[in-house]
Every structure is written in C-alpha cells, then in structure tokens.
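In: just to be clear, the model below is a prediction. Sequence and coordinates:
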Amino acid sequence: MIVVKVLFFTVLVSSVICAEFPSTFKRCNRADQVCLKQAIQEAIPKFAKGFKSLGVPGIDPLTIPLMEIPGGNGAVKISQKVTDGKLYGLSTAVIDDFIFDVIKVDNAKIAWNFHIPNITLKANYEMTGQILVLPVKGKGVMNILLENVKGDEKIKVVTYTKNNLQYIKVNDTVLKMDAGHVTFNLDNVFDGNKQLSDQINQVMNDNWSAVFDEIKDGYNDAIRTFMDHIVNSFFAKFAVSEIFLD
C-alpha cells in the first residue's frame, strides 16, 4: 500500500475564510469548454506560490512531507520512504486537451491531458531492495529529474451545502504521468560506500525506464493526493455561484 501523509490540509479545507473570488481568475459558463480550458490554463501558474490570505499552499514547489512506496516483484524491487520532499515544475503544466462533462455541477467529470517540460524532486530518502542483481540499502538526499513529462487526469466533482450556499470539491481523481527521460542522483544509496553508490546510480540511470516504472505509481498517487487537498482548500472558500457565470 502506498502511504502519503497530509500534515495541515485538513485544517485548511475545514477553515472558513470570508473572501471574494479573485478578480484575476477568469469566470466561465459551465458549458463553455473553450473558456474553461483557458481559465484553468491561466490559473495553474497562479497557484505556484499559493494564496496566503486564503490559507491555500502553493504547488511549486509542492511539499510532500511523507511518501512510502512498497517494493514490487520484477527485476527492480525497491521499497522507498521519502520525507521532506519538494517537487518543482507543476506550475509549468500546459493543457493539451480538456473536457468538462457536466449537466449540473454535482457529479461533473473533468478530463485533461497535459505536458510539463521538467519536474524535479528533492527530498530525503530511505531505500532497500534490489536493482537487477545489485542490492540497494541506503539513506540520504535524492534529486530526481523527470524530463518531457506527459500526463492525463480524470476528476469527479461533487457538491455540498454550507451556509445555504452550494460548494464543490474534488471527490475522486485518477492521475497518470510518465516521463520521456529520468535522471537519478541519490547520495549514499549503498550505505557508507561512495564507490558502490556511484555504480548503483549509474545502473539506475542506464536502466531509468525500468526503475521509474517501479516507482511512478507511488509518485503519481502522492502528487494526486496533495494536489486534491490544495484544490479543495481553494474551492472551500468560494460558492459555485462565485466561480461560474451561470
């Protein structure tokens, strides 16, 4: 089971802050696909540093306090614990395709494809397992670069009532991201032996696709979890009537 830890988002989502919908955000009719795509594209970089006055954290970097990924059964079998993670690059996402399937806001379905030039993860890590025939056991600092990232996400949205007003929240999300190339740099990956650590880093980079296939589901799940909380913390501040024109 993949484990991710949310430290402060529950407080953010449940808090009530009286605020007006930011004038810098484009508003659309719910059936206007072109407007909605443009509005979301324009909104993505605005979430980079978050909205301190609203209690909404930023997405660039995206903070990942804890992520635990169990090992698989293939040639690459590594269990990984990541702490104090910072993920850079999400605010540069570009929407390629977008669909907002809605008759009414409740149970709306959103689907979009996107690409991101580079994503970088910097974090502390602990890792055990095996890469091909090489045993891996170490802990230290990791720096992982994902290039030419392509992704798709499917989102279900539901509504709830607060103070006699209708609000929306992300209820269910499926996120899949893959990379055109991945570069791994993990110090001390073979506990205390720099020469072997360098060799294992080389093996990981020579076989980056197999290594990334082992861990990408865990990374996708962590990003999805934290992004959902950030988006919901924003939506919790504004009624549906403030977000849409109709």
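Out: Cool, got the structure.

In: this structure: helices as residue ranges?
Out: 9-14, 33-43, 194-206, 208-235, 240-243 (DSSP state H).

In: in a markdown table, list those along with mean pLDDT.
Out: Listed next are those as a markdown table, based on pLDDT from 0 to 100:
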| stretch | mean pLDDT |
| --- | --- |
| helix 9-14 | 38 |
| helix 33-43 | 93 |
| helix 194-206 | 90 |
| helix 208-235 | 90 |
| helix 240-243 | 91 |
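
In: tell me the most buried of the ones you listed?
Out: Ranked by mean neighbour count, these are led by helix 208-235 with a mean of 20 (mean count of other CB atoms under 10 Å). To be clear about C-beta, it is placed using only N, CA and C from the backbone, and glycine gets the same treatment.

In: lowest average confidence, helix or strand, in this protein?
Out: The helix or strand of the chain with the poorest confidence is helix 9-14; it has a mean of 38 (mean pLDDT, DSSP states H and E).

In: the longest strand belonging to the chain to helix 194-206, inter-axis angle?
Out: In the chain, assigned by DSSP state E, the strand with the most residues is strand 134-162. With axes from the mean of the first three to the mean of the last three CA atoms, to 10 degrees defining the directions, strand 134-162 sits at 60 degrees from helix 194-206.

In: measure how strand 134-162 sits relative to helix 208-235, angle-wise.
Out: Interaxial angle, strand 134-162 versus helix 208-235 (the same axes, to 10 degrees): 20 degrees.

In: which other helices and strands contact strand 134-162?
Out: strand 108-131, strand 165-186, helix 194-206 (3 or more CB pairs under 8 Å, 6 or more residues apart in numbering; DSSP states H and E).
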